[in-house]
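K.L.:
Sequence first, predicted coordinates after that:
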Amino acid sequence: MNLANKAAVSESNILIEGETGTGKELLAEYIHKQSARKDKPFVVINCASLPDQLIESELFGHEKGAFTDAKNTKQGLVEIAHGGTLFLDEIGELPLALQVKLLRVLQENEIRMIGDTKVKKIDVRVIVATAKKLEKEVQQGTFREDLFYRLNVLSIEMPPLRKRTEDIPQLCRHFLDRFNQRLKKEVQDIAPGAMSILLNHHWPGNVRELENVIERAMILADETFICPDSLPPELQLQPKAVQGLEAAFQGFSLKAAQKIIEKELITKALNETNGNLTHAARLLEISHPSLLSKIKAYAIDL
């Protein structure tokens with residue numbers, strides 16, 4: 001968010017990378033709303049959702065009669081974004097032929113509609129997002145190197161949800177508030193056992209998957225709390241992990257609970273990093289010596 005706030009006050013192109021469902025479009029919209037262009041359009045184009053034969057027309061528009069079905073002149077989305085921000089999602093799916101035309105927009109600040117001989121000057125700030133690694137796409141020849149460097153002025157990596165599990169309780173609170181209004185429910189919180197399951201799920205679908213899980217759980221919830229039974233079966237933890245985390249909520253000893261949770265999180269971090277102590281310490285936000293000490297104290301097998 002600090003990086004996004006700094007990016008917002010600039011006019012530079014931004015590349016947002018991250019897995020599907022991590023919130024790349026939300027971050028792009030946030031940057032737009034914090035920028036000097038906030039009162040102008042924020043136009044979203046998903047490059048993966050449009051057929052190749054339509055995407056050029058959608059981007060740049062066309063003149064009447066430019067092709068068989070062009071019965072009227074149509075303004076392109078790039079022109080509609082004039083003065084504002086153009087967000088191109090899944091930029092890695094943009095065909096090579098259109099990559100050249102997008103490069104012209106970035107270099108010359110101009111577009112040409114299909115079937116028109118004149119160019120139009122355009123003023124847009126471009127933010128792109130991708131679940132692919134564009135550097136790899138460049139090496140494979142499916143993405144233009146010159147366009148990559150034009151877009152990659154400032155890059156922001158959206159980490160997957162499994163690497164920022166500390167965000168899960170806050171996200172859950174946000175979704176509870178949203179779905180209480182939408183579903184006319186009064187679900188107040190998530191039971192500790194259910195939260196343990198949410199914190200330990202791998203979340204391949206990231207924040208979008210969490211949103212769907214909370215919506216489903218609220219529909220099924222009979223009381224004012226989301227319980228484990230309301231969660232999808234595939235989210236259930238392995239028995240050992242469930243027992244370990246549920247033990248943390250037995251009794252009232254903070255010291256005992258801390259030890260149980262610390263051991264579970266350290267084990268999880270070591271599994272995530274394939275036993276790399278340096279990376280695990282970074283995930284846990286503790287020093288390397290402290291991690292070694294806790295591994296020994298908790299008798300964790302490496």
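P.N.:
Arrived safely. Numbers count the residues shown, from 1 in each chain.

K.L.:
rest of the way, CA atoms for contacts and neighbours
P.N.:
Will do.

K.L.:
Nearest the geometric middle of the chain, what residue?
P.N.:
Central residue of the chain (C-alpha atoms, centre = their mean): Thr22, 2.0 Å from the mean position.

K.L.:
doesn't Arg164 make contact with that one?
P.N.:
No. Using C-alpha atoms under 8 Å, Thr22 is not in contact with Arg164, being 10.7 Å away.

K.L.:
so after the helix or strand bottoming out on mean pLDDT in the chain, what's the next helix or strand?
P.N.:
Taking mean pLDDT, DSSP states H and E as the measure, the chain has helix 239-247 as its least confident helix or strand, at a mean of 52. Once helix 239-247 ends, the next helix or strand along the chain (criterion: DSSP states H and E) is helix 254-272.

K.L.:
hang on, the earlier thing: and for Thr22 and Arg164, which residues touch both?
P.N.:
With C-alpha atoms under 8 Å, 6 or more residues apart in numbering applied, the contact sets of Thr22 and Arg164 do not overlap.

K.L.:
Remind me which helix or strand Leu147 belongs to.
P.N.:
Counting by DSSP H and E, the element that carries Leu147 is helix 145-151.

K.L.:
next one: the helix or strand following that helix to chain centre, how far?
P.N.:
The helix or strand immediately downstream of helix 145-151 is strand 154-158, counting by DSSP H and E. Averaging C-alpha positions (C-alpha atoms, centre = their mean, to the nearest Å) puts strand 154-158 11 Å from its chain's average.

K.L.:
Run me through the strand neighbours of strand 154-158, direction for each.
P.N.:
strand 14-18 (parallel) (DSSP bridges).

K.L.:
Residue ranges of each domain in this protein, please.
P.N.:
2-158, 162-297 (automatic domain parsing).

K.L.:
Helices along the stretch 151-300 of the chain, start to end?
P.N.:
Here the stretch 151-300 of the chain has its helices, by DSSP state H, counting those that start in this stretch, at 168-183, 192-200, 206-220, 239-247, 254-272, 277-284, 288-297.

K.L.:
Any chance of a markdown table for those, columns distance to Ala48 and mean neighbour count?
P.N.:
A markdown table is the format used below for the helices of the stretch 151-300 of the chain (distance: least, C-alpha to C-alpha, whole Å; neighbours: other C-alpha atoms under 10 Å):
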| stretch | distance to Ala48 | mean neighbour count |
| --- | --- | --- |
| helix 168-183 | 27 | 15 |
| helix 192-200 | 30 | 19 |
| helix 206-220 | 18 | 18 |
| helix 239-247 | 39 | 14 |
| helix 254-272 | 31 | 16 |
| helix 277-284 | 33 | 18 |
| helix 288-297 | 43 | 14 |
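
K.L.:
which stretches of this structure have low pLDDT?
P.N.:
65-66, 68, 236-251 (pLDDT under 70).

K.L.:
try 50
P.N.:
Low-confidence segments of the chain, defined by pLDDT under 50, span residues 238-239, 241-242.

K.L.:
ok, now which ones touch Glu25?
P.N.:
By C-alpha under 8 Å, 6+ apart, Glu25 lies in contact with 87, 89, 129.

K.L.:
same thing but at 7 Å, please
P.N.:
Applying C-alpha atoms under 7 Å, 6 or more residues apart in numbering to Glu25 gives no contacts.

K.L.:
Specify the local secondary structure of it.
P.N.:
Under DSSP: H, G, I helix; E, B strand; the rest coil, the three-state class of Glu25 is helix.

K.L.:
now Phe87
P.N.:
Per three-state DSSP, Phe87 ends up strand.

K.L.:
okay but it is in contact with Ile127, surely?
P.N.:
Yes. Here Phe87 reaches Ile127: they are 4.8 Å apart, a contact under C-alpha atoms under 7 Å.

K.L.:
Of the helices of the stretch 151-300 of the chain, give the one that comes closest to Val100.
P.N.:
helix 206-220 (32.6 Å; C-alpha to C-alpha).

K.L.:
Alpha carbons of that closest one, in CSV - could you do that?
P.N.:
Extracted C-alpha coordinates of helix 206-220, given in CSV (Å, rounded to 0.1, in the frame of the first residue of the first chain):
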residue,chain,number,x,y,z
ASN,A,206,-6.8,-16.2,-3.0
VAL,A,207,-9.0,-13.4,-1.7
ARG,A,208,-11.8,-14.2,-4.3
GLU,A,209,-12.0,-17.8,-2.9
LEU,A,210,-12.1,-16.5,0.6
GLU,A,211,-15.0,-14.1,-0.4
ASN,A,212,-16.9,-17.0,-1.9
VAL,A,213,-16.3,-19.2,1.2
ILE,A,214,-17.6,-16.5,3.6
GLU,A,215,-20.7,-15.8,1.5
ARG,A,216,-21.5,-19.6,1.4
ALA,A,217,-20.9,-19.9,5.2
MET,A,218,-23.2,-17.0,6.0
ILE,A,219,-26.0,-18.5,3.9
LEU,A,220,-25.6,-21.7,5.8
